[in-house]
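Chemist: Okay, sequence plus prediction incoming.
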Amino acid sequence: MEVNEEATEKQTKMWNSFSKTYEDSFENITIQSSVILYSLTKAKKFSKICEVGVGCGLASRMFIANIMKKGAFYFCSDFSDEMNRIYYEHFQECDTAFNPKVKLEWIKDSEAINVTKKAEDMGEDIEKKLFLHQANNEKLPYPDESFDLYLSSLSLMLVDNYMNQLKEAYRVLEKGGVAGFTVHGKPENCNYLSFVPDVIKSLGHEIPPATTKPITHLCDKDSLHTDLTNVGFTIIKTFYTNINMLFDDVMILFDSLIKSPILKNLVDNLTEDQKEELFVEMKKQWEIKYGPETTEVQEWQILVCIVTK
Ligand SMILES: C[S@@+](CC[C@H](N)C(=O)[O-])C[C@H]1O[C@@H](n2cnc3c(N)ncnc32)[C@H](O)[C@@H]1O
């Protein structure tokens, strides 16, 4: 499997620096995507679970405490060490961490992980065996057919080569195993992404050319269906749904977007005066469209894929 290490290193750095903002502004929203996956893959019945691009762990903690079955093991990973650090810190503080029958090991040397041995070594007394480590979704450190469930909430569209991730998902799953992916839906149904650029354009400014592929590049249901079939998955269910946002203030959205790996360079071309004008205009348009007097929310469509090997 050819992995572009240079591109991955650059993306890892971006996600490291975005991790705190992600935790503050986004994980409370994306928990909706994770819950869809836990629910529709029927995650509660699986015993050998892997979750990639796990982020800072709000959804994961909920999964471990309330959905994961006793006797199961769960390997979760992210290529960002900062995300892993936040994940680990929060896990230590949550109630589940005080249950002596639940244990989390942060694997620091994650070149090659012998999943079965790791789980065995944790001991028979542990009812929920948890492992966290750094890994690129495109190249997982696990032996073939290690898991019966694979989960990926909102990371497939971010990796450098998403076909690598799909192939890895297929490889690490045993026959009959289930995988669940979510990705961004159609751009016209993600107005949280277009609101700020639209205001910038309405003021007559240019949007700088994107430095990364659009985050919605996997939004076509039929294309993704074909890709999943080509990789070897059989029962393939794909559908669109929404995980809308309900921010109280446009500046929360704005601050998050300009720090994000996706729209980072949005205001790079603007002078300080132009930025001031933009803030005033954004607040005005936000109030009209999404203020307390309206029932509108910011739309975020996702595409959900539940597949079987
Ligand atoms: C949009 S966040 C989703 C986090 C979490 N799954 C959620 O739903 O809130 C994307 C996550 O994927 C991670 N990520 C992006 N590209 C990755 C890659 N190639 N390999 C591993 N993780 C990656 C980022 O560090 C980030 O934590």
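Modeler: Happy to help now that I have it.
Chemist: Most distant residue from the centre of this structure?
Modeler: Relative to the centre of the chain, the most outlying C-alpha is that of D273, 35.3 Å out, by Cα atoms, centre = their mean.
Chemist: Roughly how far does that one sit from V54?
Modeler: Noted for D273: a distance of 42 Å to V54, by Cβ to Cβ, to the nearest Å. For every residue, glycine as well, the C-beta is placed using N, CA and C.
Chemist: Would the lowest-mean-pLDDT helix or strand in the chain count as contacting the ligand?
Modeler: Sorting the helices and strands of the chain by mean pLDDT, DSSP states H and E puts helix 250-259 at the bottom, at a mean of 85. No. On the criterion Cβ under 6 Å from any ligand atom, helix 250-259 is out of touch with the ligand, staying 11.5 Å away.
Chemist: what about K186, how many neighbours?
Modeler: Using other Cβ atoms under 10 Å, K186 is surrounded by 13 other residues.
Chemist: any idea which element the closest residue to it other than its chain neighbours lies in?
Modeler: Computed as Cβ to Cβ, 6 or more residues apart in numbering, the closest residue to K186 that is not its neighbour in sequence is C219, at 4.7 Å. C219 belongs to no helix or strand when assigned by DSSP states H and E.
Chemist: can you give me the strands in the stretch 51-200 of the chain?
Modeler: 72-78, 102-107, 128-134, 147-153, 173-184 (DSSP state E, counting those that start in this stretch).
Chemist: So for the ligand, which of those strands sits nearest?
Modeler: strand 147-153 (3.5 Å; Cβ to the nearest ligand atom).
Chemist: Would you mind naming what in this protein lies close to the ligand?
Modeler: 8, 11, 15, 27, 30, 33-34, 52-55, 78-80, 83, 136-138, 153-155, 158-159.
Chemist: Go again with 8 Å.
Modeler: 8, 11-12, 15-16, 18-19, 22, 26-27, 30-31, 33-34, 51-56, 58-59, 77-80, 83, 135-138, 152-155, 158-160, 165, 182 (Cβ under 8 Å from any ligand atom).
Chemist: Inside helices: which ones of those?
Modeler: 8, 11-12, 15-16, 18-19, 27, 30-31, 33-34, 58-59, 83, 165 (DSSP state H).
Chemist: Looking at the stretch 201-309 of the chain, which residue is nearest the ligand?
Modeler: Taking Cβ to the nearest ligand atom, the stretch 201-309 of the chain has P261 as its residue nearest the ligand, at 8.3 Å.
Chemist: wouldn't V178 be in contact with L149 here?
Modeler: Yes. With contacts counted by Cβ atoms under 8 Å, V178 reaches L149, the gap being 5.5 Å.
Chemist: list residues touching both of those two?
Modeler: Residues within reach of V178 and of L149 at once, by Cβ atoms under 8 Å, 6 or more residues apart in numbering, are T41, F46.
Chemist: coming back round to it: switch the strands of the stretch 51-200 of the chain over to JSON lines; also include mean neighbour count and mean pLDDT.
Modeler: JSON lines is the format used below for the strands of the stretch 51-200 of the chain (neighbours: other Cβ atoms under 10 Å; pLDDT from 0 to 100):
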{"stretch": "strand 72-78", "mean neighbour count": "25", "mean pLDDT": "98"}
{"stretch": "strand 102-107", "mean neighbour count": "17", "mean pLDDT": "97"}
{"stretch": "strand 128-134", "mean neighbour count": "21", "mean pLDDT": "98"}
{"stretch": "strand 147-153", "mean neighbour count": "26", "mean pLDDT": "98"}
{"stretch": "strand 173-184", "mean neighbour count": "21", "mean pLDDT": "98"}
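Chemist: Out of the ones you listed, which gets nearest to F239?
Modeler: F239 lies closest, by Cβ to Cβ, to one member of the strands of the stretch 51-200 of the chain: strand 173-184, at 10.5 Å.
Chemist: so what strands line up beside that closest one?
Modeler: strand 147-153 (parallel), strand 301-308 (antiparallel) (DSSP bridges).
Chemist: ok so, going back, make a PyMOL selection of whichever of the residues of the chain next to the ligand turn out to be buried.
Modeler: To isolate the buried members of the residues of the chain next to the ligand in PyMOL, using 16 or more other Cβ atoms under 10 Å:
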select buried, resi 8+11+12+15+16+18+19+22+26+27+30+31+33+34+51+52+53+54+55+56+58+59+77+78+79+80+83+135+136+137+138+152+153+154+155+158+159+160+165+182
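Chemist: quick one, what contacts F247?
Modeler: By Cβ under 8 Å, 6+ apart, the neighbours of F247 are S25, L253, Y290, Q298.
Chemist: How about N136?
Modeler: V3, T8, F79, V159.
Chemist: May I have the beta-bridge partners of it?
Modeler: Here N136, judged by DSSP bridges, has bridge partners K139.
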